[in-house]
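Trainee: Generate coordinates for the sequence data below:
(one chain, ligands or ions: 1)
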Amino acid sequence: MPCTHRVRLGTVSGVRLTRFTDLALRIAMRLAVADPAEIHTTRQVAEAVNAPYTHVAKVVSRLSELGVVEARRGRGGGLVLTERGRDFSIGALMRELEGSGDVAGCDDAPPCPLRAICRLRKALREAQEAFYAALDPVTVRDLVDRSNEPLEQSGGPVLIQLTDRPS
Ligand code: SF4
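Mentor: A predicted model of the protein is given here:
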């Protein structure tokens, strides 16, 4: 049987994001709630999102290419979330980072012999696009903005919730 139908986004099995995309979202949210008066180095951000420095540096580089994050050099430098990054659509960011490949690995080596006629492939593509489309209206700003929630429902400052991750 050539196909195990492991539905995936990126390279991991199951309906879940790649680690790269998850880290990108963690970094964007962490910077979105950062005190602008403080300097946030890549190493500090790596610690804040509980990820290895080298991984975070690669993700920051990609986020910089997309204009989501700016790495300011020199005295007073550090990582900042740009205004473009603050308003960046989560769906659009995921499309950029996850790519448009088949979620079931139809063209992997060896390629699936059913791929030329497979209706499941088309259905999975549509489901993938629906997943992204549901996240298109959501921005990074939305993920950290709790101004519309009553205080008793907000669960406390977002900054604390983002930094106190269970290990
Ligand atoms: S072509 Fe169809 S059967 Fe083959 S891997 Fe893709 S979804 Fe699965």
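Trainee: what pLDDT, on average, does the helix of greatest length in the chain get?
Mentor: Within the chain, and with DSSP state H defining each element, the longest helix by residue count is helix 119-135. Per-residue pLDDT values over helix 119-135 give a mean of 93.
Trainee: Low-confidence bits of this protein, can you list those?
Mentor: The chain contains residues with pLDDT under 70 at 1-15, 76, 148-167.
Trainee: If we go by neighbour counts, what in stretch 114-132 is buried?
Mentor: R115, C118, R121, L124, R125, Q128, Y132 (16 or more other C-beta atoms under 10 Å). Quick note: C-beta positions are derived from backbone N, CA and C, even for glycine.
Trainee: Stretch 92-103 now?
Mentor: L93, M94, R95, E96, L97, E98, G101, D102, V103.
Trainee: Of all pairs in these, which one spans the longest distance?
Mentor: Greatest spacing in the buried residues of stretch 92-103, by C-beta to C-beta: L93 and D102 (20.2 Å).
Trainee: ok, back up a step: name the nearest of the buried residues of stretch 92-103 relative to the ligand.
Mentor: Comparing the buried residues of stretch 92-103 against the ligand with C-beta to the nearest ligand atom places D102 closest, at 5.9 Å.
Trainee: ok, and what's touching the stretch of helix or strand M29 belongs to?
Mentor: With the criterion set as DSSP states H and E, the secondary-structure element containing M29 is helix 19-32. When contacts are defined by C-beta atoms under 8 Å, 6 or more residues apart in numbering, helix 19-32 is touched by residues 9-10, 12, 17, 40, 45, 48-49, 51, 55-56, 58-60, 62-63, 68-69, 79-81, 85-86, 88, 90, 93-94, 97-98, 140-141, 143-144, 162-163.
Trainee: now the residues you listed: which count as buried?
Mentor: Using 16+ other C-beta under 10 Å as the burial test, these include 9-10, 17, 40, 45, 48-49, 51, 56, 59-60, 62-63, 68-69, 79-81, 85-86, 88, 90, 93-94, 97-98, 140-141, 143-144, 162 as buried.
Trainee: Also within reach of the ligand: list those from those.
Mentor: If you filter the buried ones among the contacts of helix 19-32 for contact with the ligand, counting by C-beta under 6 Å from any ligand atom, you are left with nothing.
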